[in-house]
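Enquirer: Compute the structure for the input listed below.
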Amino acid sequence: MRDNSPADMTIDLPPTEYRESYAGLTNAADLAVAFRTERDKISGRLSGSGMMARYTGLTDALARRIFELALDETAAAHGASRRTPGSDPAAGIAVAAVGGYGRGEMSPFSDIDVSLLVR
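Expert: Residues are numbered from 1 along each chain as shown. So this is what the prediction gives:
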């Protein structure tokens with residue numbers, strides 16, 4: 001039985017592995033369901049900095065997946081593939097997390113602040 005002491009409040013997945021939660025998902029509805037499911041797991045088990053780090057990792061994985069899908073769609077619209085040398089639409093584009101997201105201090109229901117940087 002869990003005693004809810006800080007030593008016992010752990011999540012099985014490190015934040016970088018949240019990417020697998022979104023793998024293969026290609027539409028907004030499925031991404032939203034996956035995000036809410038994982039968010040609810042975090043919200044009920046952690047508090048403080050541990051929760052913020054996990055929630056930021058979950059949000060980061062979602063933002064990365066959305067960016068990947070946007071790049072794939074952009075490439076397809078131009079008759080290219082991101083895997084074709086010299087045709088990667090991500091060349092010269094970066095997504096930068098700012099605010100609480102950039103600091104790794106997100107809470108459930110925080111907004112997601114990003115800046116798109118284009119060369």
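Enquirer: count of neighbours near residue 54?
Expert: 24 (other Cβ atoms under 10 Å). C-beta: built from backbone N, CA, C; applies to glycine.
Enquirer: Oh, that last question was meant for residue 22, not what I typed.
Expert: Residue 22: 21 neighbours (other Cβ under 10 Å).
Enquirer: Please report how far it lies from residue 34.
Expert: Separation of residue 22 from residue 34 (Cβ to Cβ, to the nearest Å): 6 Å.
Enquirer: cool, residue 75 as well?
Expert: Distance from residue 75 to residue 34, by Cβ to Cβ: 24 Å.
Enquirer: Residue 51 too?
Expert: Counting by Cβ to Cβ - residue 51 and residue 34 are separated by 18 Å.
Enquirer: next one: residue 110
Expert: For residue 110, the distance to residue 34 - Cβ to Cβ - is 18 Å.
Enquirer: Likewise for residue 102?
Expert: 23 Å.
Enquirer: Mind checking which of the two has more residues around it?
Expert: Neighbours were counted for residue 102 and for residue 34 using other Cβ under 10 Å; residue 34 has more, 19 against 14.
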